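Q: 3D, please:
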Amino acid sequence: MMPGVTYRAPTLADIITTLEVDRRGDRHFVATQLDNPAHHIVGGHIAGQALMAASRTAPGRTPHSAHVYYVRAGDARYPVDLHVDVARDGGTLSTRQVTAVQDDQILLEALVSLSAPVDSLDYHQPIPDVPEPDSLVPVQQQLAAFADEHNGFWVRPQPFDLRYVDPPPRLALELGEPSPRTRMWWRPGEPVADDEVLHSCLLAYLSGTTMVETALAMRGATPIGTFNALIDHALWFHRPVDMSDWVLSDQFSPSGVAGRGLTTSTMYNRAGQLVCLATQELYFGRAAA
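A: So this is what the prediction gives:
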């Protein structure tokens, strides 16, 4: 986010519409981007689009993991071509390689694994002991004292309702010691169609846009005026996520080195089941790297 620039966050309808990539062939898709003042393609968004394209080539199977490498920045004013290669179709698992291209340059490479339903042992680590989301105030209320900063950036309407257990980045600046952990509840601001693949793509989008906050807090920074770029992003989908209810994201930044910041997120549904694990690394060095 550039200082002094008014920014309208995309609506939930904008995000869903652009995640539904346009199919141009058996394995060729075109993905419309979400433009912003810097015209940067949003990493979590294009990762969700790659996940959607891969899923469209494996009907009857749903994502269980995605490993994404962001090769170079693109221009969000223009669409991106997604090319899907079928690496394998087994009895249970399918593997797809997705290459995102703009102006003949590779922006992203992803490996996506999809699975047919399987009956097997089901276990998971328990959800952390945190307050219920309904007992917490929306982030806009939490940051009301900073409403006059950056053209209202902190209190702007957002497509997701965010309820922070730990201080969000702007409040974290006021603390003497940064916390390596950020826990937040979130859910879409409007109803979402009952589609497991779409829900997984929305989760990829949100993890790509919120996990950066924990690494920023460790650096004593916020998204305002801080250059950062996703290097890689990995997700493991353990159970279907229900986008009609709250999801807890328990985020942790275990390390920062050489201009990079590593973050992880363990996500649970309202019933306390672990639905997804995600890891990403961000670059905070020079913009030209």
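Q: Please report the distance of residue 241 from residue 265.
A: 13 Å (Cβ to Cβ, to the nearest Å). Using the backbone N, CA and C atoms, a C-beta is placed for each residue, glycine as well.
Q: Which neighbours do these two have in common?
A: Residues touching both residue 241 and residue 265 by Cβ atoms under 8 Å, 6 or more residues apart in numbering: residue 276.
Q: Am I right that residue 33 falls within a strand?
A: No. Residue 33: not assigned to a strand; according to DSSP: H, G, I helix; E, B strand; the rest coil it is coil.
Q: which residues sit in contact with it?
A: 18, 41-42, 45-46, 74-80 are the contacts of residue 33 under Cβ under 8 Å, 6+ apart.
Q: quick one: which of those is most hemmed in?
A: Within the contacts of residue 33, most neighbours by other Cβ atoms under 10 Å means residue 46, with 32 neighbours.
Q: And it, what's its pLDDT?
A: pLDDT for residue 46: 96.
Q: how close does it sit to residue 224?
A: When residue 46 is compared with residue 224 (using Cβ to Cβ), they lie 23 Å apart.
Q: Could you do residue 275 as well?
A: Counting by Cβ to Cβ, the gap from residue 275 to residue 224 is 31 Å.
Q: of these two, who's got more company?
A: More crowded of residue 275 and residue 224, by other Cβ under 10 Å: residue 275, with 22 against 17.
Q: Surely that one is within a strand?
A: Yes. When three-state DSSP is applied, residue 275 is found to be in a strand.
Q: quick one: contacts for it?
A: Contacts of residue 275 (Cβ under 8 Å, 6+ apart): 203, 237-241, 247, 267-269.
Q: What strands line up against the helix or strand hosting residue 110, and which way round?
A: Here residue 110 sits within strand 105-115, counting by DSSP states H and E. Strand 105-115 pairs in its sheet with strand 62-70 (antiparallel), strand 93-102 (antiparallel), by DSSP bridges.
Q: hmm, who's touching stretch 159-166?
A: Contacts for stretch 159-166 (Cβ under 8 Å, 6+ apart): 9-12, 14-15, 130-131, 133, 136-139, 142, 168, 172, 179, 181-189, 206, 210, 246.
Q: Please check the residues you listed and keep the buried ones.
A: By neighbour count, with 16 or more other Cβ atoms under 10 Å, the contacts of stretch 159-166 hold 9-10, 12, 14-15, 130, 133, 136, 139, 142, 168, 172, 182-188, 206, 210, 246 as buried.
Q: can you tell me which of those residues are in helices?
A: Cross-referencing the buried ones among the contacts of stretch 159-166 against helices under DSSP state H gives 12, 14-15, 139, 142, 172, 206, 210.
Q: Can you add distance to residue 89 and pLDDT and give these back as TSV?
A: Shown next, in TSV, are these (distance: Cβ to Cβ, whole Å; pLDDT from 0 to 100):
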residue	distance to residue 89	pLDDT
12	33	92
14	33	93
15	30	94
139	43	87
142	47	85
172	46	79
206	29	91
210	33	87
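Q: Which pair of these spans the longest distance?
A: 14 and 172 (28.3 Å; Cβ to Cβ).
Q: counting contacts, what elements does the helix or strand of the chain with the lowest mean pLDDT pack onto?
A: Ranking every helix and strand in the chain by mean pLDDT, DSSP states H and E puts helix 169-172 at the bottom, with a mean of 81. Applying 3 or more Cβ pairs under 8 Å, 6 or more residues apart in numbering; DSSP states H and E, we find helix 169-172 packed against helix 212-218.
Q: could I have the helix it packs on exported to CSV, CA atoms only?
A: The C-alpha coordinates for helix 212-218 follow below in CSV (Å, rounded to 0.1, in the frame of the first residue of the first chain):
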residue,chain,number,x,y,z
VAL,A,212,2.3,-11.2,6.1
GLU,A,213,1.0,-9.3,9.1
THR,A,214,2.9,-11.5,11.6
ALA,A,215,6.2,-11.0,9.9
LEU,A,216,5.5,-7.2,9.6
ALA,A,217,4.8,-7.1,13.4
MET,A,218,8.2,-8.7,14.1
